[in-house]
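*Asks:* sequence first, predicted coordinates after that:
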Amino acid sequence: METHTLILLLFTSSEVWFYNAHAGEDEVCETLPSEIHITKEEFDELGRLQRTCNGDVAVNKCEGACNSQVQPSVVTPTGFLKECFCCRESFLRERTITLTHCYDPDGMRLTGAPHSQMDVRLREPAECKCYKCSDYSR
């Protein structure tokens, strides 16, 4: 099956606009599983290291491509109107994860409760979609 891209030139009194009828077809912005390594240090009131805990954690990430465009413009100083879109989170969820590999300042593994594990809160993407790159209000 042969596909065709329709490009229209729209003329207004101040600008030339391009319209691509297939915009959006190539956008793939997904919420994907991932794994990260987390290291968290804990200090006392005097700033001395008390313990270090770490672990590999499964988390979600946003990944994909979003359509961006540059079009000629007689209104903008550069002569082009740029619209950039980025794949990013549309909703975050908070999780508590438990790190179970904990060590004292000398590198000795801690085995006794409560110091043998550490709870850490993190926020991860629950949903991802394409947003204007300059829209950081979300």
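*Replies:* Done, it's in.

*Asks:* which parts of this structure are strands?
*Replies:* Residue ranges of the strands in the chain, as given by DSSP state E, are 7-11, 16-20, 28-43, 49-65, 69-72, 80-83, 85-99, 101-103, 118-132.

*Asks:* tell me which other helices or strands the longest one touches.
*Replies:* Read it as strand 49-65. Taking 3 or more C-beta pairs under 8 Å, 6 or more residues apart in numbering; DSSP states H and E as contact, the helices and strands that strand 49-65 lies on are strand 28-43, strand 85-99, strand 101-103, strand 118-132. C-beta: built from backbone N, CA, C; applies to glycine.

*Asks:* so for residue 109, which of the ones you listed sits nearest?
*Replies:* Each of the helices and strands packed on strand 49-65 was checked against residue 109 via C-beta to C-beta, and the shortest separation belongs to strand 101-103, namely 5.6 Å.

*Asks:* what's the mean pLDDT across that closest one?
*Replies:* Averaging the model's pLDDT scores along strand 101-103 yields 97.

*Asks:* in stretch 26-40, which residues are buried?
*Replies:* 29, 31 (16 or more other C-beta atoms under 10 Å).

*Asks:* wait, which of the helices and strands packed on strand 49-65 is closest to residue 74?
*Replies:* Proximity to residue 74, assessed across the helices and strands packed on strand 49-65 by C-beta to C-beta, is greatest for strand 118-132 (22.2 Å).

*Asks:* circling back: tell me the most buried of the strands of the chain?
*Replies:* Greatest average neighbour count among those goes to strand 101-103 (a mean of 17), per mean count of other C-beta atoms under 10 Å.

*Asks:* right, and residue 51 touches residue 106 too?
*Replies:* No - the criterion here is C-beta atoms under 8 Å, and residue 51 misses it with residue 106 at 10.6 Å.
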